[in-house]
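Novice: Here is my input; please provide its structure:
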Amino acid sequence: QELFTNLNLKEIPVTSSLDEPLFQHFGGEKLIDTMKKLGMKEDEVIGHSFVTSAIRNAQKKLEKKVRIEKTANGAEEWFRLNV
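Specialist: Next comes the predicted model:
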């Protein structure tokens, strides 16, 4: 948080993969199939405010499901322990 404040940043761009646990939990496989059908390459970047909003909404849904958060060493383990 201190670094964020000191650099006077409003946003920090984050790159995610569709095979990460968050996307898998919310139907990432369907999106991967759709992207392939559209002819998109595996390493092609999707960037749009709609995508950002969808990720934030998914994270909010998860927050509501987790009652007592258990710490984990990675995203996959976190999903297994908490969701």
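Novice: okay, CA-based contacts and neighbour counts for the rest of this
Specialist: Fine.
Novice: now what about stretch 9-18, what contacts it?
Specialist: Applying C-alpha atoms under 8 Å, 6 or more residues apart in numbering, the external contacts of stretch 9-18 come out as 23, 24, 28, 29, 31, 32.
Novice: ok, of those residues, which come out buried?
Specialist: By neighbour count, with 16 or more other C-alpha atoms under 10 Å, the contacts of stretch 9-18 hold 23, 28 as buried.
Novice: Now, the contacts of stretch 9-18 that are in helices?
Specialist: Among the contacts of stretch 9-18, the members found in helices (DSSP state H) are 23, 24, 28, 29, 31, 32.
Novice: residues in contact with the fourth one?
Specialist: It refers to residue 29. 18, 19.
Novice: The second one too?
Specialist: Residues in contact with residue 24 (C-alpha under 8 Å, 6+ apart) are residue 18.
Novice: how near is it to residue 32?
Specialist: 10 Å (C-alpha to C-alpha, to the nearest Å).
Novice: List just the nearest of the ones in helices among the contacts of stretch 9-18 to residue 5.
Specialist: Distances from residue 5 to the ones in helices among the contacts of stretch 9-18, taken as C-alpha to C-alpha, are shortest for residue 23 (29.1 Å).
Novice: show me what contacts the closest one?
Specialist: Neighbours of residue 23 in contact, by C-alpha under 8 Å, 6+ apart: residue 17.
Novice: mind checking pLDDT for it?
Specialist: Looking at residue 23, its pLDDT is 83.
Novice: Next: residue 28.
Specialist: For residue 28, pLDDT reads 81.
Novice: Am I right that it is in contact with residue 19?
Specialist: Yes: here residue 28 reaches residue 19: they are 6.8 Å apart, a contact under C-alpha atoms under 8 Å.
Novice: any chance of the contacts of stretch 9-18 in TSV, plus distance to residue 70?
Specialist: Below are the contacts of stretch 9-18 laid out as TSV (distance: C-alpha to C-alpha, whole Å):
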residue	distance to residue 70
23	20
24	20
28	24
29	26
31	29
32	30
